[in-house]
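> requesting a structural model of the entry that follows:
(one chain, ligands or ions: 1)
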Amino acid sequence: MFIQSQILPRVRVVQGDITKLAVDAIVNAANESLLGGGGVDGAIHRAAGPELLAECRTLDGCRTGRAKVTKGYRLPAKFVLHTVGPVYADGRSGEPDLLRSCYRECLKLAAERSVESIAFPCISTGVYGYPKAAACAVAVDAVLEWLAGNDSPKTVTFCCFESGDAQLYRERLSQV
Ligand code: AR6
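This is a model prediction of the structure:
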């Protein structure tokens, strides 16, 4: 109870476009090439400008479940943490561990850069087909676990593009 009362004020849920958020770092749900795509990846590259792609070309891709960092360029955010969520097959092919790893790796990179505020989209729940409620449970549990053991980042935003997703996150957080 004590731990939850300390942690929950550090978490918020917003509905909207992650490229507009004035946080220190936003997370991109990318693919292993890190060379752009559709969904939130496309939106982030459009908003950041071509310098983002130029830096991504120097990174040599990213494995599923891992993360790499770039600057934010024309975004309000100073950093973009590019992570690659799992493509959902049947839920028994390592997807939950890989998705949990995306959240942890981003939080670790953020902490190493003393990032105070970070925002996550709903990784893997678009093109990659991860069931939304199951992905939400993994995301919330991974973030709360990290916050319980670490002072940085100070705040975590779950940025949901769709209102149904925001509802799922609010419900999950109200249950912890
Ligand atoms: N702000 C916040 N969330 C967004 C935005 C936005 N501007 N646009 C979409 N979403 P997806 P994935 C949400 O498909 O499933 C790309 O082509 C969307 O509603 O972007 O991890 C990459 O290059 C959904 O909840 O990412 C990869 O090839 C969430 O972002 C592939 O898609 C994730 O949907 C990655 O697939």
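
> where do the helices sit along this protein?
Per DSSP state H, the chain carries helices over the ranges 2-7, 39-48, 50-57, 95-112, 132-149, 163-175.

> interface residues of the protein facing the ligand?
17-19, 29-31, 37-41, 43, 85, 121-128, 159, 161-162, 165 (CB under 6 Å from any ligand atom). Using the backbone N, CA and C atoms, a C-beta is placed for each residue, glycine as well.

> any of these buried? List them.
18-19, 29-31, 37, 39-41, 43, 85, 121-126, 128, 159, 161, 165 (16 or more other CB atoms under 10 Å).

> just the ones of those in strands?
Of those, the ones assigned to strands by DSSP state E are 29, 159.

> the closest residue to Leu35 other than its chain neighbours: how many residues sit nearby?
For Leu35, ignoring the flanking residues on the chain, the nearest one in space by CB to CB, 6 or more residues apart in numbering is Cys56 at 6.1 Å. Per other CB atoms under 10 Å, the neighbour tally for Cys56 reads 23.

> any idea how far Cys56 is from the ligand?
As for Cys56, its distance to the ligand is 11 Å (criterion: CB to the nearest ligand atom, to the nearest Å).

> same thing with Cys106?
Cys106 is 13 Å from the ligand, by CB to the nearest ligand atom.

> which residues sit in contact with that residue?
Residues in contact with Cys106 (CB atoms under 8 Å, 6 or more residues apart in numbering) are 25, 27, 67, 81, 83, 118, 120.

> so Val138 makes contact with Tyr103?
Yes. With contact defined as CB atoms under 8 Å, Val138 reaches Tyr103; the gap is 7.5 Å.

> residue nearest the centroid of the protein?
Phe120 (3.0 Å; CA atoms, centre = their mean).

> residues touching the closest residue in space to it that isn't next to it in sequence, list them.
Spatial nearest neighbour of Phe120, chain neighbours left out: Val27 (4.7 Å); criterion: CB to CB, 6+ apart. Each residue near Val27 by CB under 8 Å, 6+ apart is listed here: 18, 67, 80-83, 106, 118-121, 123.

> redo these as JSON lines? Include pLDDT.
As requested, the contacts of Val27 are exported to JSON lines (pLDDT from 0 to 100):
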{"residue": "Ile18", "pLDDT": "99"}
{"residue": "Ala67", "pLDDT": "99"}
{"residue": "Val80", "pLDDT": "98"}
{"residue": "Leu81", "pLDDT": "99"}
{"residue": "His82", "pLDDT": "99"}
{"residue": "Thr83", "pLDDT": "99"}
{"residue": "Cys106", "pLDDT": "99"}
{"residue": "Ile118", "pLDDT": "98"}
{"residue": "Ala119", "pLDDT": "99"}
{"residue": "Phe120", "pLDDT": "99"}
{"residue": "Pro121", "pLDDT": "99"}
{"residue": "Ile123", "pLDDT": "99"}
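
> no further questions, thank you.
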